[in-house]
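In: My questions are about this predicted structure, shown below with the sequence.
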Amino acid sequence: MMTVDSVVSDDRTLIDVDGLEVHFPIKRGIVVDRTVGYVYAVDGVSVRVHRGETYGLVGESGCGKSTLGKALLRLEQPTAGSIVFDGTDLAELKGEPLRRMRRRMQMVFQDSLSSLDPRQSVESLLVEGLRAHGLDHGREATATRLQELLSAVGLPASALRKYPHEFSGGQRQRIGIARALAVDPDLVVADEPVSALDVSVQAQVLNLLTDLQDEFGLTYLVIAHDLAVVRHIADRIGVMYLGGLVEETGADSLYAEPLHPYTRALLSAVPVPEPEVEDRREQILLSGDLPSPAEPPTGCRFHTRCPWRQPQRCDSERPELREVAPGHRVACHYAEDIRDGLIGP
Amino acid sequence: MALLEVRDLSVSFARKGEPTVTAVDGISFDVQPGRTVGLVGESGCGKSVTSLAIMGLLPRRGTEVSGSVLFEGTDLLGLSQRDIEQRRGRDLGMVFQDPLSSLNPVVPIGLQVAEVIERHRGVPRRAAMSQARELLDRVGIPDPDRRLKEYSHQLSGGMRQRALIAMALACRPRLLIADEPTTALDVTIQAQILDLLTTLVADTGTALIMITHDLGVVAGMCDEVNVLYAGRVVERAERHELFAAPRHPYTAGLMASVPRLDSSGEQRLSPISGSVADNIPWEQGCAFCPRCSNALQLCGQATPEVEHTGDGRLLRCHNPVGEATPISVEGP
Amino acid sequence: MLPSTQRKQRIDELAETGPGPDAGVSLAASAWRRLRRNPVFLVGASIIGAFVLLALSSPLLAQHDPALRLLEDQVSRAQNEIPPPQPGFPLGGDQYGRPFLSRLLLGSQQTLLVAVMATVIGLGGGLTLGILAGAFGGWVDTLVMRVVDVMLSVPSLLLAVSIGALFAQQTQFTVILAVAIVQVPIFGRLLRGSMLAQRASDHVLAARALGVKERSVVFRHMLPNALGPVVVQSTLSLAVAIIDAAALSFLGLGSGDTSVPEWGQMLGSAQNFFDSHPQLAFWPAGCIILVALGFTLVGESLRDALDPKNRR
């Protein structure tokens, strides 16, 4: 089933991204700006998110995961490619139709303080979305709706009259989630939803996200740098490196059998809170730093740091994302050879 | 004798027109030469303030520091500004969370490292520069000759942290304090930096105080772990024992809250309820009790005292997790 | 009782002892709370309050018509004599024998009026430019900002003097206009900068993601949050406007009509008597400095109060 699914878009697909590119021009100039180059933030990503699933997007800073998330919501203008959301190509949409479409897809931000307007009370924050989409049917209905939202995210009714700065980080994140849910969306893109929170509060918010998904039948795209968080919450995971998707598979399968050298290195680098495991953990230490997304390496983007790099092909030919096992896609020329131990690091 | 003995360290901040805030509330711990001691806790637990107090880096105005910090028998808190500055380069080194703001943006990296060597070891500039080059090489900065002349903004985050470690190690300090050294870094870079720290500590016999919120980092690096909550140590144990059987409900709660890479998402996390805003003052009882799943009537009425359990563990709790073990109560 | 129920009770108790459920304090309200306790603000506000009160009540306080040369008989050009303080005239008269205290009192009206009007007009112009540039971006932004840059490249007083000199007949209104135009680029640039910062902020992105209409995003989210620095600047501008207006009068570009007194003009006309009669310059100059200080103090304390880092 998975095999068919990943080739053909069907009813289960909520969002179908094909060949998405987001390039930011680098401008220089004194009087008139000249474009001197591009930052290839997202460079050819094809991804499909099914209804009701949680798709996790992981990668390190600068890999383009946040830009991809914003482009999906058309908060960034894609340079090329299509984003088909439930049958409509968002990349083509503009103005009022796009604005109306926004009701169906919402975003939860990393920094809960800066993403809430400090001048708005919680009530005004929550009502704003309802009003923008004509969902405020009278005073009483709105009041009921607000109470529903607050209780769904676990905040007291008294929160309505307060302002964002009066809440703790975890509570503010709940407000951000309530705002996203107010317009009854299908898709919620959560960009690092827990990375700014303390460990104990992180777990509260992760559990809340899971509960809300069950309650409202939401589809999530969770973007995070923390692999443990993503593994915990996501059904399927896509790993990004320098603007491209390098591996995509189910959450458990990614952990059990990472095929791309970058995924392997990434997984091996995560410390586990268990001394026994830590003492045995074999790390694949990557040499060097992430290359600049303004000057991505030729061929495979990862070849400059890859311990399994092979001569010729890796630095000249960019590997396609190909299916090596049902539902498991990898962008590496030598994925099978590395798996089978034919090539050593 | 311990290299560093922190005894009843308290730090409170007084701001005009506002109530005094006690950030550190009587912390005691020892650091033996060559050992790595972890201070773990969430934001506001006092772990960073503790390190700044040890280093003498807290602003003198509006800050009340009490207790003692004995470094080889000398109380660092009693030293003059000049003497502590001398100590900072020579005996104590520190690595901060944000390497960009800890480096001088207008002085080349090499010169910054060399200046530390010059100042504290009296080595002439030329020799200091060549030592700086060696240091950069040793902390794994590729092409050190070129990097010597570069400025902090030209380096990546990982390279900056390496440069900062090089500076901290320039005078072969006997104690290194690393305050969230990898929090601002990506996970693959974090692995590089932690590896570097572990190697350096093993090679030079430097004692390390590792301050972090990441239980994973602690599990891999620290010999002994202090768990901090609301400015006090609530549990201390050797790492294997701490992780195998956490006794304080806060420690246990933290471990149950963290999603683990090696466990599937099917298991629901068990978060600690509430947030630090719910704490009660230590004078009234256990600060953690409003959030504690093990709380008794007693917890809101009496402050739990430090107890030493049989296995060399320190505990501050009326009703610890797990089976009751014989407890010897230390006087107040 | 089970421990868990005890715990819940404990939490409830704590919740009750904490800040009340209606504690909702908006940003402006909390800024005001901090402001009220700030001695710098209190001093500044008292100075301004005193002068505003003075300006409002000056028609009652002034015993004489400021235009009448009541003490003309005591003025002697040849001997450089000016009427000294005497019963009914506590500060004596000016070089034309007009009642000096009455002129000083009534002068507060004109001076404050010039400052407020110039700042309001300057603010209005600056807001328009700033909103245009900050909300639209692109070539509108480039165009507006180049004009602003050109205006800013000329020293402000020089610009005010040039504008003042353009008018054939100098009146109080031309002074206001000259001082106001100088303020426009300052406000424009400031607002544009903070609008752009808002445009890139997460909460504006969030509003956009929510599907809020673009106009609402600009006027309900970007503008109100961008106004903080502009509010601070406008109190500081009031001080600058008073000094600029005084400078224009001093340079002879003020209102030609001396029957309506204004401090800057009084200071200007006192310049020939500095050596023999310094009191003619001392009183208006002192008043100008004091009012300007009042506005500056309020501006500085407002800046601190609105700084989000100081919240709580």
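Out: Everything's here; your move. Numbers count the residues shown, from 1 in each chain, chains lettered A, B, ... in the order given.

In: Please tell me how far the residue lying closest to residue B:11 once chain neighbours are set aside sits from residue A:85.
Out: With CB to CB, 6 or more residues apart in numbering or on different chains as the criterion, residue B:11 has its nearest non-adjacent residue at 4.2 Å, and that residue is residue B:24. C-beta: built from backbone N, CA, C; applies to glycine. Between residue B:24 and residue A:85 the distance, using CB to CB, to the nearest Å, works out to 52 Å.

In: Also residue C:261?
Out: Residue C:261 is 71 Å from residue A:85, by CB to CB.

In: confidence score at residue 295?
Out: Went with chain A since none was named. The pLDDT attached to residue A:295 in the predicted structure is 88.

In: not what I meant, chain C
Out: The model reports residue C:295 with a pLDDT of 88.

In: Could I get the contacting residues of it?
Out: By CB atoms under 8 Å, 6 or more residues apart in numbering or on different chains, residue C:295 lies in contact with C:44, C:48, C:115, C:235-236, C:238-239, C:242.

In: just residue C:26 next, same as before
Out: Under the criterion of CB under 8 Å, 6+ apart, the neighbours of residue C:26 are A:119, A:121, A:163.

In: mind listing the helices in the stretch 1-150 of chain C by residue range?
Out: Counting by DSSP state H, counting those that start in this stretch, residue ranges of the helices within the stretch 1-150 of chain C are C:3-17, C:27-36, C:39-61, C:100-136, C:138-153.

In: taking the mean pLDDT, what do you get for the fourth one?
Out: Put plainly, it is helix C:100-136. Mean pLDDT, computed over helix C:100-136, is 87.

In: quick check, that helix touching chain A?
Out: No. Judged by CB under 8 Å from any CB of the partner chain, helix C:100-136 stays clear of chain A, getting no closer than 15.3 Å.

In: Any buried residues in that helix, and which?
Out: Within helix C:100-136, the residues scored as buried using 16 or more other CB atoms under 10 Å in any protein chain shown are C:100-112, C:114-123, C:125-127, C:129-135.

In: where does chain A dip in pLDDT?
Out: Low-confidence segments of chain A (pLDDT under 70): A:1-10, A:30-32.

In: related to what we said a few turns ago, who has more neighbours, residue C:261 and residue A:85?
Out: Under the criterion of other CB atoms under 10 Å in any protein chain shown, the comparison of residue C:261 against residue A:85 puts residue C:261 first, with 27 against 23.

In: Find the closest residue to chain A in the stretch 201-312 of chain C.
Out: Proximity to chain A, evaluated over the stretch 201-312 of chain C using CB to the nearest CB, is greatest for residue C:211 at 3.4 Å.

In: For that residue, give me its contacts.
Out: By CB under 8 Å, 6+ apart, the contact set of residue C:211 is A:99-103, A:129, A:132-133, A:183.

In: please redo it, this time with the cut-off set to 6 Å
Out: Neighbouring residues of residue C:211 by CB atoms under 6 Å, 6 or more residues apart in numbering or on different chains: A:99, A:102-103, A:132-133.

In: do the same with residue A:273
Out: B:215-216, B:219, B:258.

In: For residue B:229, list each beta-bridge partner.
Out: Taking DSSP bridges as the rule, residue B:229 bridges to residue B:232.

In: Could you check how far residue B:280 is from chain C?
Out: For residue B:280, the distance to chain C equals 7 Å [CB to the nearest CB, to the nearest Å].

In: Now that we're looking at that residue, what pLDDT does it have?
Out: 90.

In: Show me where chain A has its helices.
Out: A:2-7, A:65-72, A:95-101, A:122-132, A:138-153, A:169-182, A:199-216, A:227-233, A:251-256, A:261-269, A:275-280, A:313-316, A:335-339 (DSSP state H).

In: ugh, typo on my part, it should be the stretch 151-300 of chain C
Out: Under DSSP H, counting those that start in this stretch, the stretch 151-300 of chain C gives helices at C:156-166, C:172-199, C:202-210, C:214-216, C:223-250, C:263-269, C:279-306.

In: What residues does chain B have near chain C?
Out: B:290, B:295-297, B:300 (CB under 6 Å from any CB of the partner chain).

In: for chain A, what are the nearby residues on the stretch 1-150 of chain B?
Out: Residues of the stretch 1-150 of chain B lying near chain A by CB under 6 Å from any CB: B:42-43.

In: picking that back up, tell me which two in the contacts of residue A:273 are the farthest apart.
Out: Across the contacts of residue A:273, the longest distance by CB to CB is 10.4 Å; it joins B:219 and B:258.

In: Give me the more crowded residue out of the two.
Out: residue B:219 (26 against 22).

In: what pLDDT, on average, does the helix or strand encompassing the more buried one get?
Out: For residue B:219, the element it lies in under DSSP states H and E is helix B:215-221. On average, the pLDDT along helix B:215-221 is 91.

In: what sits up against it?
Out: For helix B:215-221, contacts defined as CB under 6 Å, 6+ apart pick out A:271-275, A:278, B:36, B:38, B:40, B:210, B:225, B:243, B:258.

In: Where do the helices of the stretch 151-300 of chain B begin and end?
Out: Under the criterion DSSP H, counting those that start in this stretch, helices of the stretch 151-300 of chain B are mapped to B:157-169, B:187-204, B:215-221, B:239-244, B:249-257.

In: closest one to residue A:311 among these?
Out: Relative to residue A:311, the nearest member of the helices of the stretch 151-300 of chain B by CB to CB is helix B:187-204, separated by 23.7 Å.
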